[in-house]
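Participant: Sequence first, predicted model second:
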Amino acid sequence: MTDTRPLALITGASAGIGYELARQFAEHGYDLVVNAEDERLESAARGLRETGARVRPVRADLRTREGVERLLAAVEGLTVDVAALNAGVGRGGAFVDTDPADDQAVIDLNVTATVRLAKPLLRAMVARGAGRIAFTSSVAAMMPGPFQSVYNASKSFVQSFAEALGEEVRGTGVTITSFMPGVTETDFFRRAGMADDTRMGTSRKDDPAQVAEQAFTAIVKGERKAVTGSLKAKAMGAAGKVLPDGVKAAAHRKLAEPGTGEDAGPGSGA
Ligand SMILES: NC(=O)c1ccc[n+]([C@@H]2O[C@H](COP(=O)([O-])OP(=O)(O)OC[C@H]3O[C@@H](n4cnc5c(N)ncnc54)[C@H](OP(=O)(O)O)[C@@H]3O)[C@@H](O)[C@H]2O)c1
């Protein structure tokens, strides 16, 4: 970390949207503290260093309090200019069938870790009157999510939380951005057990690099929220604002219910 380059902290940066977002910041002159749980974070950090950025990888399981504390300890004493709280997982399937431990893991990472990290990072930013926090929300935040119910609820939490914080810090010099990708080509659906057997998992998906590029622009502009990705994702975001919840729930069922994968068509959002 240098005195001259700004610093971005990005969680879930070993792959997918988080890796591409880290690359955006690195290519725009930021040094990075990047987090993920698994060892592939080290190779991701090597790739990011090719941009010329200084990159510090911090492996930590953010589902745990200890993991959150380890990551916060790694940035103690540093000025974090941007914190992108991006790490997240899903779990597909009927709620009556999913393992309670998997439901809890979604909540622990997507909700609990996000709140635990946001408070000290935001406190420091508000105290110095500068900084940006970004949350990876989803178009899923805008709709009930049958067969992905805990995940969509977790993203509704993130979206509401981000928008509330955005208003709280208005005028402090700190900005909060929540960005909402649609269905994006990452490991997400495989990890969620939805890759092969759901229409959402088998549909054509957005490029995570495009999502990250648009998210980067929204974050540096300090926009409160942005639907990121293809025109399809933006259309989903527009529809999400106006359709009744019951209609959105029925549509989501057609995309996320196991067994819908064979007649793959355009997806909605994860
Ligand atoms: N893909 C989509 O369609 C889509 C759409 C809208 C929103 N999103 C959101 O985008 C964000 C990134 O997801 P993605 O699609 O890029 O999926 P991804 O490729 O699976 O990336 C997830 C990242 O989170 C990390 N992670 C997972 N569990 C973790 C833990 N316990 N502690 C720390 N890091 C952990 C992963 O690292 P490890 O491998 O080390 O676990 C990885 O770096 C998530 O919040 C997701 O909800 C995705």
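Facilitator: Nice, thanks for sending it over. Residues are numbered from 1 along each chain as shown.

Participant: Nearest spatial neighbour of the residue in the stretch 51-200 of the chain that the ligand sits nearest to, chain-adjacent residues omitted?
Facilitator: Closest residue of the stretch 51-200 of the chain to the ligand, C-beta to the nearest ligand atom: G88 (2.2 Å). (C-beta placed from N, C-alpha, C; glycine too.) Using C-beta to C-beta, 6 or more residues apart in numbering and skipping residues adjacent in sequence, the residue nearest G88 is N110, 4.7 Å away.

Participant: which residues touch the residue of the stretch 51-200 of the chain closest to the ligand?
Facilitator: Taking C-beta atoms under 8 Å, 6 or more residues apart in numbering as the definition of contact, the neighbours of G88 are G12, L109, N110, T136, S154, K155.

Participant: Next, see if the lengthiest strand in the chain gets close to the ligand.
Facilitator: When the chain is parsed with DSSP state E, its longest strand is strand 174-181. Yes - counting by C-beta under 6 Å from any ligand atom, contacts between strand 174-181 and the ligand involve P181.

Participant: how distant is that strand from the center of its chain?
Facilitator: Remark: strand 174-181 is offset 10 Å from the chain centroid, using C-alpha atoms, centre = their mean, to the nearest Å.

Participant: Look up which residues are beta-bridged to A226.
Facilitator: On the basis of DSSP bridges, A226 is bridged to F179.

Participant: Tell me the predicted confidence for it.
Facilitator: In this prediction, A226 carries a pLDDT score of 97.

Participant: With E262 instead?
Facilitator: What the model reports for E262 is a pLDDT of 63.

Participant: before we move on, the earlier item: now the residue of the stretch 51-200 of the chain closest to the ligand, what's its secondary structure?
Facilitator: The local conformation at G88, judged by DSSP: H, G, I helix; E, B strand; the rest coil, is coil.

Participant: and whatever helix or strand V247 lives in with the ligand, contact?
Facilitator: Taking DSSP states H and E as the definition, V247 sits inside helix 245-256. No - in this structure, helix 245-256 remains apart from the ligand according to C-beta under 6 Å from any ligand atom; the gap is never smaller than 11.5 Å.
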